[in-house]
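Visitor: Build me a structure from this.
(one chain, ligands or ions: 1)
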Amino acid sequence: MSKILSTPLPRRRFVTGAAAGAALLGLSPGSVLARSPQRQPGQVPELRGQRFDLHIAYQSVNITGRDALATVVNNSLPAPTLRWKEGERVHLRVHNHLAADSSIHWHGMILPSNMDGVPGMSFAGIKPGSYYDYTFDVQQSGTYWYHSHSGFQEQTGVYGAIVIDPAEPDPVQADREHVVVLSDWTDQAPEALYARLKKQSHYYNRRERTVGDLWQDLREKGLSATWQDRAMWNRMRMSDSDIADINGLAYTFLVNGHSPDDNWRALFKAGETVRLRIINAAAMTLFDLRIPGLEMTVVAADGQNVEPVTVDEFRIAPAETYDVLVRPSADRAYTLFAQSIDRSGYACATLSPNSEWQAEIPAMDHAPRLHHRDMGMDHSAMAMAGAAHAGHTPNPATPSGDMNHGSMNHGKMDQRDMSRDVDSHAGHGPPAEMDHRHHGMHSQTVPPDAPIAPAGAGSRAVISHPASENNPGVDMQAQMPANGLDDPGIGLREHAQRYGRRVLRYSQLFNLGKTLDRRDPERELAIHLTGNMSRYMWSMDGVMFDDAEPILLRFGERLRIVLINDTMMTHPIHLHGLWSELETGEPLRIPRKHTIIVQPGSKISYLVSADAVGRWAYHCHLSFHMPGMFREVRVIGGAA
Ligand SMILES: [Cu+2]
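Guide: Numbering: from 1, shown residues only. I've put the predicted structure just below:
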């Protein structure tokens with residue numbers, strides 16, 4: 001054991017993260033290239049078989065140029081890639097050498113509740129100096145990952161890939177494959193970052209509006225619109241540049257444990273089909289990933305095969321995985337480029353036929369701004385009510401001395417319109433975000449006692465806000481949530497026009513196979529993702545985890561969960577133990593995911609078959625949202 005505790009990681013795997021810093025300072029990518037050392041970053045170790053010993057221990061690492069303390073598995077950051085085979089039983093003995101309780105959660109795995117690895121829910125956790133035996137049958141194939149579910153240990157290094165080879169021949173054929181684990185690293189203790197956000201939620205946002213912006217707004221929008229816009233943001237004590245709670249100021253973004261300076265390499269031969277298994281193991285960072293010069297064919301989402309869809313870029317939230325095929329025909333290097341959602345930094349790697357070659361590192365895209373759409377404001381309703389900001393309701397219960405409710409005009413709302421389930425209305429975004437393809441896609445008005453919509457296309461129920469939201473922990477409510485299914489997300493909506501890139505949308509995901517459970521949902525469960533941005537509080541339905549009752553599901557039932565995002569942040573929501581079957585429109589081709597992005601001010605729905613008895617965690621996968629935005633889902637009534 002002491003050997004594991006004391007062996008330092010090879011220095012070459014951890015070099016300075018200055019490239020990310022250069023990006024932040026707006027230096028040209030060329031300066032990054034020039035400083036790139038001629039070293040070949042190593043591969044993450046891979047463990048195969050059915051029996052595994054994993055040792056969680058402290059490790060001194062140097063990722064940014066300074067020594068820092070990481071928590072790692074078997075001396076490796078990321079943790080070793082575990083290679084399993086569908087249909088086999090795996091035995092994992094996880095040893096905890098830390099001074100605090102630890103755990104491993106097998107993310108996306110369908111397994112018995114007591115093997116799921118969530119302390120206080122699945123089991124008691126692993127005490128310092130002890131171990132826990134995980135044993136379960138592998139009932140699925142594809143790309144998954146594992147991570148600690150204790151404290152912020154995941155953020156300091158306890159995460160790794162799981163690759164499961166299918167029992168049957170793989171429908172996805174490739175000549176070679178690479179596992180790509182994205183993550184965000186900080187030298188500071190995550191607890192310190194969290195404490196800072198609690199005190200000052202805008203701390204990491206350095207893109208607040210400036211005087212220069214003001215003049216530009218005045219030129220572009222005129223005095224009246226500019227004044228209204230600014231007044232609105234000020235009243236809400238929010239900023240339209242609040243895209244990521246923590247960003248490149250604090251984080252260095254990694255690929256397989258390597259900083260942009262290190263530039264991890266993966267090899268291919270020209271003409272090969274290469275499968276990339278991409279995992280976002282970041283604590284807080286959504287990435288937009290592309291490989292300039294190569295199109296990517298998405299063949300699996302969250303480990304499950306989907307009908308192939310070819311794109312130039314996709315957004316991947318913490319905990320999501322995508323498998324893509326690329327076919328580099330030229331004998332040249334390519335850069336795998338994953339910029340953070342707020343464009344404050346990036347992770348990158350090189351795909352190349354020659355380990356000495358590198359490709360240009362592209363400039364980052366423009367930084368996105370939040371728009372009305374992200375507050376759940378429906379543009380048509382605004383026009384009808386003749387009110388500037390009719391769709392958005394600051395929570396009346398939120399004490400805010402300077403907030404002027406009268407001027408928000410939400411009282412003038414046309415009630416008929418309020419009760420209508422307004423669809424995405426993607427065509428009504430602000431000019432820069434315009435997308436004309438989905439004009440006129442309104443769903444029908446549904447009376448409150450209407451039958452539940454059949455499986456496939458989503459809920460038609462009226463959105464109403466639970467009384468539990470009326471408390472100071474909730475600072476806004478989306479009255480007209482947009483449809484989050486066809487929305488590529490903030491900063492990506494205008495990509496086709498601006499950059500000529502095709503960006504993946506959830507609405508393009510369809511199961512490669514047939515939907516297994518063809519039943520229509522018997523009931524619907526609407527859950528609001530809520531928070532108070534300035535107090536950095538996160539909750540569901542206005543209730544934080546500590547004060548919440550479990551969500552009860554009846555064993556065997558089929559239900560629809562509708563998530564409504566009443567905040568302006570993007571939340572990746574993860575349900576343990578059960579599939580989240582995203583309703584993308586085809587009842588027989590419903591894709592199965594374990595983590596679903598819910599866009600700001602939007603709603604999205606998925607079906608769940610309660611086919612596993614036990615206590616399951618259900619939460620936002622952003623580490624610092626998780627303490628509050630968390631529920632226990634308890635499946636009761638069946639045989640354990
Ligand atoms: Cu969240």
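Visitor: Write out the residues of the stretch 501-640 of the chain neighbouring the ion.
Guide: Applying CB under 5 Å from the ion, one finds that the stretch 501-640 of the chain approaches the ion through His571, Cys620, Leu622, His625. Bear in mind the C-beta positions are built from the backbone N, C-alpha and C, glycine included.
Visitor: any low-confidence regions in the stretch 401-550 of the chain?
Guide: With pLDDT under 70 as the threshold, the stretch 401-550 of the chain has low-confidence stretches at 401-450.
Visitor: Going along the chain, name the strands of it.
Guide: 476-478, 482-483, 523-532, 537-540 (DSSP state E, counting those that start in this stretch).
Visitor: Any chance of TSV for these, columns distance to Tyr506 and mean neighbour count?
Guide: Output for these, formatted as TSV (distance: least, CB to CB, whole Å; neighbours: other CB atoms under 10 Å):
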stretch	distance to Tyr506	mean neighbour count
strand 476-478	18	26
strand 482-483	10	26
strand 523-532	16	21
strand 537-540	21	27
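Visitor: which one of these lies closest to Thr252?
Guide: strand 537-540 (24.8 Å; CB to CB).
Visitor: could you say what helices and strands the closest one packs with?
Guide: Strand 537-540 sits against strand 523-532, with contacts defined as 3 or more CB pairs under 8 Å, 6 or more residues apart in numbering; DSSP states H and E.
Visitor: so of the residues of the stretch 501-640 of the chain next to the ion, which ones are in strands?
Guide: His571, Cys620 (DSSP state E).
Visitor: who wins for most neighbours among the residues of the stretch 501-640 of the chain next to the ion?
Guide: Cys620 (29 neighbours; other CB atoms under 10 Å).
Visitor: Tell me the confidence at that residue?
Guide: pLDDT for Cys620: 98.
Visitor: Cross-check the contact I'm expecting between Ala167 and Asp137.
Guide: No: applying CB atoms under 8 Å as the test, Ala167 and Asp137 come out as separate, 11.6 Å apart.
Visitor: Now do the same contact list for the residue nearest the centre of the chain.
Guide: The centroid of the chain falls nearest to Ala317 when counting by CA atoms, centre = their mean (2.1 Å). Listed by CB atoms under 8 Å, 6 or more residues apart in numbering, the contact set of Ala317 reads Asn280, Leu286, Thr570, Pro572, Thr595, Ile597, His621.
Visitor: Please tell me how far the residue nearest to the fourth one when sequence neighbours are not counted sits from the ion.
Guide: By that I understand Pro572. In space, and not counting its chain neighbours, Pro572 is closest to Ala317: 3.6 Å by CB to CB, 6 or more residues apart in numbering. Taking CB to the ion, to the nearest Å as the measure, Ala317 falls 9 Å from the ion.
Visitor: need the helices for the protein, in chain order.
Guide: 2-6, 18-24, 29-35, 190-199, 211-235, 379-385, 415-418, 495-499 (DSSP state H).
Visitor: if we can go back for a sec, sort out which of the contacts of Ala317 are buried, if you could.
Guide: Among those, those classed as buried by 16 or more other CB atoms under 10 Å are Asn280, Leu286, Thr570, Pro572, Thr595, Ile597, His621.
Visitor: and the fifth one, what are its bridge partners?
Guide: With DSSP bridges as the criterion, the beta-bridge partners of Thr595 are His574.
Visitor: if I read this right, it contacts His576, doesn't it?
Guide: No: Thr595 lies out of contact with His576 (CB under 8 Å); the separation is 10.3 Å.
Visitor: could I get the buried ones among the contacts of Ala317 as a markdown table with distance to Ala244?
Guide: Listed next are the buried ones among the contacts of Ala317 as a markdown table, based on distance: CB to CB, whole Å:
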| residue | distance to Ala244 |
| --- | --- |
| Asn280 | 13 |
| Leu286 | 7 |
| Thr570 | 9 |
| Pro572 | 13 |
| Thr595 | 17 |
| Ile597 | 14 |
| His621 | 14 |
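Visitor: Could you report the pLDDT at the residue nearest to the centre of the chain?
Guide: 98.
Visitor: For Asp245, give me its contacts.
Guide: Per CB under 8 Å, 6+ apart, neighbours of Asp245: Leu197, Ser201, Tyr204, Met284, Tyr536, Met569, Leu622, Phe624.
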